[in-house]
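Q: Quick check, what structure comes out for this input:
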Amino acid sequence: MPNPETKLKLAAVLEELDMSRSAFYRMVARGKGPKLLKLPNGQIRVRRSDLDAWWIAQEQSTAA
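A: Predicted coordinates:
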């Protein structure tokens with residue numbers, strides 16, 4: 001079972017979402033994406049728990 005505090009690299013998130021980097025950033029800019037963590041070196045990470053919560057929210061919004 002993955003650790004919920006694992007910080008995923010952007011490439012792993014994009015692969016899981018099957019989404020291009022530009023489409024992902026457009027979604028985030030509209031406030032529709034998972035919470036991002038920006039590291040001091042400028043790299044982006046997403047906590048596993050935040051991505052899982054985002055997936056659940058997406059499922060709930062389509063079921064409503």
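Q: Which residue is the nearest non-sequential neighbour of Leu17?
A: Distances taken as CB to CB, 6 or more residues apart in numbering place Phe24 nearest to Leu17, at 6.8 Å, with adjacent residues excluded. Backbone N, C-alpha and C define where each C-beta goes, glycine included.
Q: I meant to write Leu36 there.
A: Excluding its sequence neighbours, the residue lying closest to Leu36 (CB to CB, 6+ apart) is Ile44, at 5.4 Å.
Q: so what secondary structure elements neighbour whichever strand or helix holds the residue nearest to Leu17?
A: For Phe24, the host element (DSSP states H and E) is helix 21-29. Applying 3 or more CB pairs under 8 Å, 6 or more residues apart in numbering; DSSP states H and E, one finds that helix 21-29 contacts helix 10-17.
Q: Give me the neighbour count for Asp18.
A: Neighbours of Asp18 under the rule other CB atoms under 10 Å: 7.
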